[in-house]
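S.K.: predicted model and sequence follow; I will ask about them next.
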Amino acid sequence: TSWTNQVSAANSFTGTGNPQLAAGKINFYPGITFSGSNYLTSAGVALPANSNYTKFVVFKYDGATTNNIVSSGGTGNNALFGANTNTNLVIFHNTAIFTALNAVTGSRYYLGAAGFASGVAAGTFINVDGANKGSINSSAGYLASTMQLGAHGDGNNLTGRIAEVIVYPTALASNATTTRQIQGYLGIKYGITVAHNYLSSAGAPIYDVSSAANNIAGIGRDDNSSLNQKQGQSINTGTSQVVMALGSVAATNAANSNTFSADKQFLLWGDDNGSINTTTALSGWAITTTRLTRVWKLQNTGGFNQQVTVYFPTASLNVLPGSNPYLIYNTSNTLAGGGTEVPSSAVTNIGGISYTGFQVTFPTIGPLYFSFAAKTVNPGNVAGALVWLRPDAGVMATGNNVNTWINQMNAGNSFTGTGNPQLATGNVNFNPGITFSGSNYLTSTGNVLPANSAYTKFVVFKYDGSTANNLVSSGTGGSHALFGNNTNTDLVIHHAG
C-alpha cells in the first residue's frame, strides 16, 4: 500500500493497483513486483523543474512493455525507462535524450544509475552494474512533478521488479567516489557484481576488482549506509555460487539473528572464473590432494574475526573424489604450499537446493584465497585406475533419474545418462545401485582406453533379464565389450576387428 521514503517520510510513495511484495527474491531481500498495471506515486514533488539529478535503482525487467522504472507522475515529463524493450535504458526529458542500447537482459536484477547535469560535458550518463554505458552533454529541461515507480503519468507501466531506489537532486558524476560508494553499497546488499573497486561509506577500498572480479558478493556492517548484510551470495546465474553467512544462514537477511561486533567490518569474495566441473592437483597439504579448478579471493576489512559458515551446492562438490569435502585456504592465489583445511559440517537446504556447509573463522590477514578440495583415494589403495564410479559418491540425479555419474579418477571424463537410468537406494549391502531397464545407459565424456591397450575391468553387477546385457563396453565407433551375450548367465570379453 505504501513505501516509506527513508529521507523524507512526508514524501513517501503510495501504491495503485496493488504492487506485490515478494519476499527473499534477491540475495535474501524482498523486492516489489509490478505486473504492467500497478505503480507507486510520491506524495509530493520529488525533483524541482530542470534540476540536476542522479537516480540509482536495483531493478529487473520481466517483459518488453514500456517499462518505466523511476519516472514522473501526473503531467511530468522525465523518465528512466525501457522504451518497449527489456534490454535498453533510456533517459527521457519530454523526448528520449540518451539511450543505453542492449545494456541489460531480463535474466536478473541490475544496478542502474542515471545522471543528469545540465550543460555539462559527459554530465548525462547511464551506468549499469557500475560500468559506464555512455554519456552526453544535454540541457534538456523537464517539469516539476511527483515521482512514480513502475509508471509514467499513471500509465506506460513496468512489467518487472524493483528492490531499491535512491534519488539525489544533484549531479553525481559517473565515476565519482560518491557514486562508487553508493554502487558498492547496493552491490554488496543485492549480490550484484560491480565493475569498479568496492568502497565503504568512508570511501575506503574494501574489495579490489583487479583480480577475482567475477561473482562478487559479501557480508558486512556499515552504519552510515544502514548496511547490515549478515548473509550473501552473488545473484549471477549459470554457475554455482558461494553463500556465506554470519553464524548460520537463515531464510532472509532479517531473520539471521547474528550481529557484527563492530562497524566498518566486511568480508567480500569473488572468483577467478575457473571451472567448477574440473579439478586441479594440490601439493603440500596435510589431507587434501585435489581441488576444484576455481579459486575464490577473500578480502577482510576492519579486522572481522567472527565465525561464518561458507556454503556451496552439494551437487557441485560431487566432482571431487570421495564424499568428504574440505574448504581450504591460504595466501596463494594458486593455493600452493598448504594451509588450513576445514572439514564440512552439515548439509543445509537453501532455496530448495542442498548446500554443504563449512564453519570457519578466517584470519584478518589478506587477501586470502580459498577453494573446495578432497583427498584422492584409490580402490584398494591401488593407483592407476582411469575410471572409478562409486554409488556412494558422485551420483548426480534428479529424483531417481541419474543425470551424471562422476568419475572419481577424472571428473572431466565423467559419465552422462541417456534414457534416465534409475538410482535405487539400499540396493546392495545398504549401498545404492544404478538400475538399467534395457533402454538406458551412461556414456563417458571422452575416450577411456587407448586403442589396443591392456586393461583390467572390475564391475559389481546383476542381470535382471537375458538381453544383450552390455556391462562395461565401448560407445559409438568402439569395438570392445564386457557383456552377457543374450544370456543372464555368461560373461563375454568382446574385441571386434
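M.R.: Thanks, I have it. Computed from a predicted model, the values in this text were never measured in an experiment.
S.K.: okay, helices next: where are they in the chain?
M.R.: Using DSSP state H, the helices of the chain run over residues 177-190, 314-317.
S.K.: same list (these) but as TSV, adding mean neighbour count and mean pLDDT.
M.R.: From N, CA and C alone the C-beta is placed, and that goes for glycine too. Converted to TSV, the helices of the chain look like this (neighbours: other Cβ atoms under 10 Å; pLDDT from 0 to 100):
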stretch	mean neighbour count	mean pLDDT
helix 177-190	23	98
helix 314-317	21	94
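S.K.: out of those helices, which comes closest to Ile235?
M.R.: Of all the helices of the chain, helix 177-190 sits nearest to Ile235, with 6.7 Å by Cβ to Cβ.
S.K.: distance from that closest one to the middle of the chain?
M.R.: 18 Å (Cα atoms, centre = their mean, to the nearest Å).
S.K.: give me the below-cutoff pLDDT ranges for the stretch 51-200 of the chain.
M.R.: For the stretch 51-200 of the chain, not a single residue meets the criterion pLDDT under 70.
S.K.: then the stretch 201-350 of the chain?
M.R.: Using pLDDT under 70, nothing in the stretch 201-350 of the chain is flagged.
S.K.: before we move on, back to that, let's have the helices of the chain in TSV, adding distance to Asn84.
M.R.: Shown next, in TSV, are these (distance: least, Cβ to Cβ, whole Å):
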stretch	distance to Asn84
helix 177-190	26
helix 314-317	39
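S.K.: nearest to Phe362, out of those?
M.R.: Among these, the nearest to Phe362 by Cβ to Cβ is helix 177-190 (17.1 Å).
S.K.: would you mind writing the CA trace of that closest one as PDB?
M.R.: The C-alpha coordinates for helix 177-190 follow below in PDB (Å, rounded to 0.1, in the frame of the first residue of the first chain):
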ATOM      1  CA  THR A 177      33.900   8.400  -5.500                       C
ATOM      2  CA  THR A 178      30.400   9.200  -4.100                       C
ATOM      3  CA  THR A 179      28.800   7.300  -7.000                       C
ATOM      4  CA  ARG A 180      31.000   4.300  -6.400                       C
ATOM      5  CA  GLN A 181      30.300   4.400  -2.700                       C
ATOM      6  CA  ILE A 182      26.600   4.100  -3.500                       C
ATOM      7  CA  GLN A 183      27.100   1.400  -6.200                       C
ATOM      8  CA  GLY A 184      29.300  -0.500  -3.800                       C
ATOM      9  CA  TYR A 185      26.700  -0.400  -1.100                       C
ATOM     10  CA  LEU A 186      24.000  -1.700  -3.500                       C
ATOM     11  CA  GLY A 187      26.300  -4.300  -4.900                       C
ATOM     12  CA  ILE A 188      27.000  -5.900  -1.600                       C
ATOM     13  CA  LYS A 189      23.400  -5.700  -0.400                       C
ATOM     14  CA  TYR A 190      21.900  -7.300  -3.500                       C
END
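S.K.: for that helix, packing partners?
M.R.: With contacts defined as 3 or more Cβ pairs under 8 Å, 6 or more residues apart in numbering; DSSP states H and E, helix 177-190 has these neighbours: strand 53-61, strand 110-116, strand 159-168, strand 198-199, strand 214-222, strand 227-229.
S.K.: nearest to Gly366, of these?
M.R.: Of all the helices and strands packed on helix 177-190, strand 214-222 comes closest under Cβ to Cβ, at 12.9 Å.
S.K.: strands paired with that closest one, and their directions?
M.R.: Sheet pairing of strand 214-222 (DSSP bridges) gives strand 227-229 (antiparallel), strand 265-271 (antiparallel).
S.K.: buried set for that strand?
M.R.: Asn214, Asn215, Ile216, Ala217, Gly218, Ile219, Gly220, Arg221, Asp222 (16 or more other Cβ atoms under 10 Å).
S.K.: got the angle between it and helix 177-190?
M.R.: Orientation of strand 214-222 against helix 177-190 (axes from the mean of the first three to the mean of the last three Cα atoms, to 10 degrees) gives an angle of 100 degrees.
S.K.: quick one: strand 214-222 to chain centroid distance?
M.R.: Distance of strand 214-222 from the chain centroid (Cα atoms, centre = their mean) equals 12 Å.
S.K.: who does Asn127 bridge with?
M.R.: Residues in beta-bridge contact with Asn127 (DSSP bridges): Ala113, Asn132.
S.K.: my read: Leu40 touches Gly17, true?
M.R.: No. If you go by Cβ atoms under 8 Å, Leu40 and Gly17 don't touch, sitting 9.6 Å apart.
S.K.: neighbour count for the two, which is higher?
M.R.: A count of neighbours by other Cβ atoms under 10 Å puts Leu40 above the other of Leu40 and Gly17, at 24 against 16.
S.K.: hey, what's the more buried one bridged with?
M.R.: Gly15, Leu149.
S.K.: stretch 404-419: which residues count as buried?
M.R.: Thr404, Trp405, Ile406, Asn407, Gln408, Met409, Asn410, Ala411, Ser414, Phe415, Gly417.
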